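Q: no sequence for this one, just the structure:
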């Protein structure tokens, strides 16, 4: 549905987007991640036809946004970053205006507005001026205008920003539900959101795509992915670390910071598996959990907790976008 | 959200413009500012016509003392009406919303301009008691009055188009107001007789009349006398066209980065 090829956007001397490419098909929810100023919003603004690209190509549903912007805009529902809306209008008036410009009239218009109002839970504030609403309601009003025409493509710039935890949850549910039949791109800073709602994530840093994969694939790139984490009772910290570090398939072991001071004398150790050059974990590494359990048993330590770590998106994000800081 | 609606997801040029006009007009009349403006406009028109313009003392069956003040009144009132057209969209961030809807930039520009022009036309129409008064007291040349009204409307449109353009230059309504007052003032005084009289002392009459031909005064005076000259009408229409074109260039420039 959405195809972005070698997108470049230059603002004066600054290159905000530098050769971004990705594509999103129907049924996919793409999470766009990246630090502030990485070029996420600029990329979305180019896709929606607000900014012209300096070079590169964007097509939505087969239409080029540069040559056929009206067709593209008709296919897209867009929630801009600050969720703007006309402060002096009522929710009803605002949505009805959007419906007018989306080409709805008569009963189709009524149905479209009603549907959006129902989905975004706006019935209670329908006749209130938007500037009297709380931030959450204003946000949902702008979301309602984005989904009003039941678009094939949704571009949502930080759709959960400024919502309370319940509303955040509802918004994620909505995105996941709509993602089954639409192509959705949304940007966020909240990494757990990516795991909760996305089928795929793209990390953008300084204008370029630095990672593109499913949340599980990205997590597997984390340094702690595949690590065995064991909590022991009745063990000396140094002895445990030394013992586990020598296991077949173990690269090294470390004491989790802060756990050696626990009053009950428990220690928690993380054991890193060996990896080949491509970063994949070998057979011995995969069997590490069992090896750790057996080693603990033969040393007479009491295993209180044992788990294999999935890796954390946050670590991957940090190691990709802040390689220097992580190395230190 | 049924299949039939899903097929047709953008409107025609006319329905798009109508949608924008409706929104802008409801924006005007939804706030008390519009009514305050109408009252000020009518009070000022009455004061200038009857007190400063000495309507009764002139004992003429004409509306010269009414129309002659219009350029000066519009100089401040039209920028006040139009200053928020684009600056407010920029300040609220709704420009992004508007320009990612399936409408073209010319449709938006024309829609916004028309809405404000209709508002000004309503204000102008509300001055009809002056016209009734002059008809009760004497028998004026109603044809001349009609062309003067036409000229006044075109004058307001010209100032409005300029305001719309300056409004796109800034997020700040006040800046947009001052800019447009300045440009409109130039267009007024280039043909204002005290200024042109001064100019004739220094340069040849040819230069003076060339400068004056750029002024709205020259063309408004002709229409006010009841003469519909296509050149005068064309002048106002080309000012409107030029300013709105400038408006489009500025808005495009905002997005090009």
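A: Nice, thanks for sending it over. Not measured: the values here are computed from a predicted model.
Q: what bits of chain B have low per-residue confidence?
A: Low-confidence segments of chain B, defined by pLDDT under 70: B:1-10, B:257.
Q: SS state for residue B:114?
A: helix (DSSP: H, G, I helix; E, B strand; the rest coil).
Q: What's the local residue count around it?
A: 19 (other CB atoms under 10 Å in any protein chain shown). Heads up, the C-betas are built off the backbone N, CA and C, glycines and all.
Q: do the same with residue B:39
A: 12.
Q: For chain B, give me its nearest residue in the stretch 201-328 of chain A.
A: Taking CB to the nearest CB, chain B has its nearest neighbour within the stretch 201-328 of chain A at residue A:207, 13.3 Å off.
Q: Identify the residues contacting the spatially closest residue to that residue that is not a sequence neighbour.
A: Excluding the flanking residues, the one nearest residue A:207 by CB to CB, 6 or more residues apart in numbering or on different chains is residue A:18, at 3.5 Å. When contacts are counted by CB atoms under 8 Å, 6 or more residues apart in numbering or on different chains, residue A:18 is found next to A:8, A:39, A:206, A:207, A:208.
Q: just residue B:67 next, same as before
A: Taking CB under 8 Å, 6+ apart, we find residue B:67 in contact with B:148, B:151, B:152, B:224.
Q: Which parts of the stretch 1-150 of chain B are helices?
A: Assigned by DSSP state H, counting those that start in this stretch, the stretch 1-150 of chain B shows helices spanning B:3-7, B:13-29, B:32-46, B:55-58, B:64-67, B:70-82, B:84-92, B:94-99, B:105-125, B:128-137, B:142-168.
Q: repeat for chain A
A: For chain A, the helices defined by DSSP state H cover A:40-47, A:69-75, A:91-101, A:106-119, A:135-147, A:165-178, A:191-197, A:215-220, A:237-245, A:283-286, A:288-298, A:313-321, A:323-327.
Q: Redo these as CSV? Include distance to residue B:253 and mean pLDDT.
A: Output for the helices of chain A, formatted as CSV (distance: least, CB to CB, whole Å; pLDDT from 0 to 100):
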stretch, distance to residue B:253, mean pLDDT
helix A:40-47, 15, 94
helix A:69-75, 17, 93
helix A:91-101, 23, 94
helix A:106-119, 33, 94
helix A:135-147, 26, 92
helix A:165-178, 35, 89
helix A:191-197, 36, 84
helix A:215-220, 39, 82
helix A:237-245, 63, 81
helix A:283-286, 57, 70
helix A:288-298, 60, 83
helix A:313-321, 32, 81
helix A:323-327, 38, 59
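Q: With distance to residue B:61 and mean neighbour count added, can I get those in TSV?
A: TSV is the format used below for the helices of chain A (distance: least, CB to CB, whole Å; neighbours: other CB atoms under 10 Å in any protein chain shown):
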stretch	distance to residue B:61	mean neighbour count
helix A:40-47	61	26
helix A:69-75	54	22
helix A:91-101	47	23
helix A:106-119	51	17
helix A:135-147	55	22
helix A:165-178	68	16
helix A:191-197	75	19
helix A:215-220	83	19
helix A:237-245	108	17
helix A:283-286	104	14
helix A:288-298	105	17
helix A:313-321	80	19
helix A:323-327	85	9
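Q: Could you dump those helices into a markdown table and include distance to residue A:156?
A: Output for those, formatted as a markdown table (distance: least, CB to CB, whole Å):
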| stretch | distance to residue A:156 |
| --- | --- |
| helix A:40-47 | 8 |
| helix A:69-75 | 15 |
| helix A:91-101 | 16 |
| helix A:106-119 | 14 |
| helix A:135-147 | 7 |
| helix A:165-178 | 7 |
| helix A:191-197 | 10 |
| helix A:215-220 | 17 |
| helix A:237-245 | 45 |
| helix A:283-286 | 38 |
| helix A:288-298 | 39 |
| helix A:313-321 | 19 |
| helix A:323-327 | 29 |
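Q: As CSV, these with distance to chain B would be great.
A: Listed next are the helices of chain A as CSV, based on distance: least, CB to the nearest CB, whole Å:
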stretch, distance to chain B
helix A:40-47, 7
helix A:69-75, 4
helix A:91-101, 3
helix A:106-119, 4
helix A:135-147, 7
helix A:165-178, 12
helix A:191-197, 22
helix A:215-220, 28
helix A:237-245, 54
helix A:283-286, 49
helix A:288-298, 50
helix A:313-321, 24
helix A:323-327, 29
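Q: The helices of the stretch 1-150 of chain B: which one's closest to residue A:161?
A: Closest of the helices of the stretch 1-150 of chain B to residue A:161 is helix B:94-99, at 15.3 Å (criterion: CB to CB).
Q: Report whether the closest one contacts chain A.
A: Yes - counting by CB under 8 Å from any CB of the partner chain, chain A has neighbours in helix B:94-99: B:94, B:96, B:97, B:99.
Q: who wins for proximity to residue B:138 among the helices of chain A?
A: The nearest among these, by CB to CB, is helix A:91-101 at 47.2 Å.
Q: Can you list the helices and strands that that closest one packs against?
A: Under the contact criterion of 3 or more CB pairs under 8 Å, 6 or more residues apart in numbering or on different chains; DSSP states H and E, helix A:91-101 touches helix A:106-119, helix A:135-147, helix B:13-29.
Q: Recalculate using a threshold of 10 Å.
A: Packing contacts for helix A:91-101, counted by 3 or more CB pairs under 10 Å, 6 or more residues apart in numbering or on different chains; DSSP states H and E, involve helix A:106-119, helix A:135-147, helix B:13-29, helix B:94-99, helix B:105-125.
Q: Quick one: work out the angle between that helix and helix B:105-125.
A: Put simply, helix A:91-101 runs at 120 degrees to helix B:105-125, going by axes from the mean of the first three to the mean of the last three CA atoms, to 10 degrees.
Q: From the chain's centroid, how far away is helix A:91-101?
A: Centroid displacement of helix A:91-101 relative to its chain, using CA atoms, centre = their mean, to the nearest Å, is 30 Å.
Q: Assess the claim that residue B:247 and residue B:180 are in contact.
A: No - in this structure, residue B:247 is not within contact of residue B:180 by CB atoms under 10 Å, at 11.5 Å.
Q: about what we covered before: mind picking the two most distant members of the contacts of residue B:67?
A: B:152 and B:224, at 8.2 Å, using CB to CB across the contacts of residue B:67.
Q: joint contacts of these two?
A: Common neighbours of residue B:152 and residue B:224, using CB atoms under 10 Å, 6 or more residues apart in numbering or on different chains, are B:66, B:67, B:70.
Q: For residue 240, which non-adjacent residue is closest in space?
A: Picking chain A for this. residue A:269 (5.3 Å).
Q: Switch to chain B, please.
A: Nearest one to residue B:240, counting by CB to CB, 6+ apart, is residue B:161 at 4.3 Å.
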